[in-house]
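> no letters, just coordinates:
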């Protein structure tokens, strides 16, 4: 997940001003769909515009946006930080998020990932926070990213089940150890211990 943010400053002013117009946003989404594969949403807020992108071509998505914005400075967020950024600002831009959600769906440039993220942001914007909002945004981002991971894993469930049934626990742990960094590996082992109540 990526967020490309252009502020209404310097040569970004023309672009940000143009994204306030519905037809300009739609033209931008249609244009990027022709050039870059993936899922997109554009949030036009007061003072900035952001494009959220899911796909394998972030460099191409950013270049397309940069060209459309007359090479304005682009601030980039990726992964969890992109989602925390969106959630953290969601209460101030709730109507803009809903507009982005509806436009992306109508133009067929969204999918499960973009829809899930924007729905999470719309829901988060309506919550009342007794606790730390920053921590709540981080927790919500974790849950949303887990949902996205499970969705992308679903088509592999049966094949993984078959492979695991033919594999010993020692072989599985060895594979995890080879594929993961120390923190990930320790987390998996701790999770396995919880299965037996330890």
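All right, it came through fine. The structure presented is a predicted model; accordingly, all values stated were derived computationally and were not measured.

> what helices or strands is the lengthiest helix in the chain leaning on?
As assigned by DSSP state H, the longest helix anywhere in the chain is helix 133-153. When contacts are defined as 3 or more C-beta pairs under 8 Å, 6 or more residues apart in numbering; DSSP states H and E, helix 133-153 sits against helix 80-89, helix 112-125. Just so you know, the C-beta spots here come from the backbone N, C-alpha and C atoms, and that holds for glycine as well.

> buried ones in stretch 29-38, by neighbour count?
29, 32, 36, 38 (16 or more other C-beta atoms under 10 Å).

> ok, now how distant is the last one from residue 60?
What it means is residue 38. Per C-beta to C-beta, to the nearest Å, residue 38 is found 9 Å from residue 60.

> equivalent analysis for the first one, please.
Computed as C-beta to C-beta, the residue 29 to residue 60 distance reads 15 Å.

> ok, the third one next?
For residue 36, the distance to residue 60 under the criterion C-beta to C-beta works out to 5 Å.

> ditto for the second one
Relative to residue 60, residue 32 is positioned 9 Å away (C-beta to C-beta).

> which stretches of this protein form strands?
2-7, 39-45, 48-54, 75-78 (DSSP state E).

> ok, residue 19 to residue 5 distance?
12 Å.

> and residue 182, by the same measure?
Taking C-beta to C-beta, one finds residue 182 at 33 Å from residue 5.
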